[in-house]
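*Asks:* With the sequence up front, the predicted model follows.
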Amino acid sequence: MKKKKATGKPAIAEQGSMHKPGELEQLEKEVKVDAALDKCLVCKRDLVGDVYICPTCKTAKYHGRCVRALIASGEPCWACKHPLKLEEDAS
């Protein structure tokens, strides 16, 4: 196994960064995981068909049937805690 020479400089990705060493890699992994998720927050199944995206936070995604169940039970958005409303309810 070859040893690296110590240069006294931090890795390029961490130079001038306000993050701790290794923190950037962790953040990058979290972003990749979140970006790959296209699942309903309620039932955790893949989003297909009737999909509702919270108009407030624009990140929470639900199946139509799941968001209707949340609205019927008075639940707010699970991501931003704002009230959920369907377009036909807005009038």
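*Replies:* On my side now, so go ahead.
*Asks:* okay, CA-based contacts and neighbour counts for the rest of this
*Replies:* OK.
*Asks:* What mean pLDDT does stretch 47-57 get?
*Replies:* Stretch 47-57 shows a mean pLDDT of 91.
*Asks:* Tell me which residues are up against it.
*Replies:* Stretch 47-57 is contacted from outside by 38-40, 59-64, 67, 77, 79-80, 82, 84, using Cα atoms under 8 Å, 6 or more residues apart in numbering.
*Asks:* Give the buried residues for stretch 44-58.
*Replies:* Neighbour counts over stretch 44-58 (16 or more other Cα atoms under 10 Å) mark Leu47, Tyr52, Ile53, Cys54 as buried.
*Asks:* can the residues you listed go into a markdown table with extra columns for secondary structure?
*Replies:* Putting the buried residues of stretch 44-58 into a markdown table (DSSP: H, G, I helix; E, B strand; the rest coil) gives the following:
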| residue | secondary structure |
| --- | --- |
| Leu47 | coil |
| Tyr52 | strand |
| Ile53 | strand |
| Cys54 | coil |
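*Asks:* export those residues to JSON lines and tack on distance to Ser73?
*Replies:* JSON lines is the format used below for the buried residues of stretch 44-58 (distance: Cα to Cα, whole Å):
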{"residue": "Leu47", "distance to Ser73": "22"}
{"residue": "Tyr52", "distance to Ser73": "17"}
{"residue": "Ile53", "distance to Ser73": "18"}
{"residue": "Cys54", "distance to Ser73": "17"}
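*Asks:* and of these, the nearest to Ala72?
*Replies:* Tyr52 (14.9 Å; Cα to Cα).
*Asks:* Spatially, which two of the buried residues of stretch 44-58 are the most separated?
*Replies:* Counting by Cα to Cα, the most remote pair of those is Leu47 and Cys54, 13.9 Å apart.
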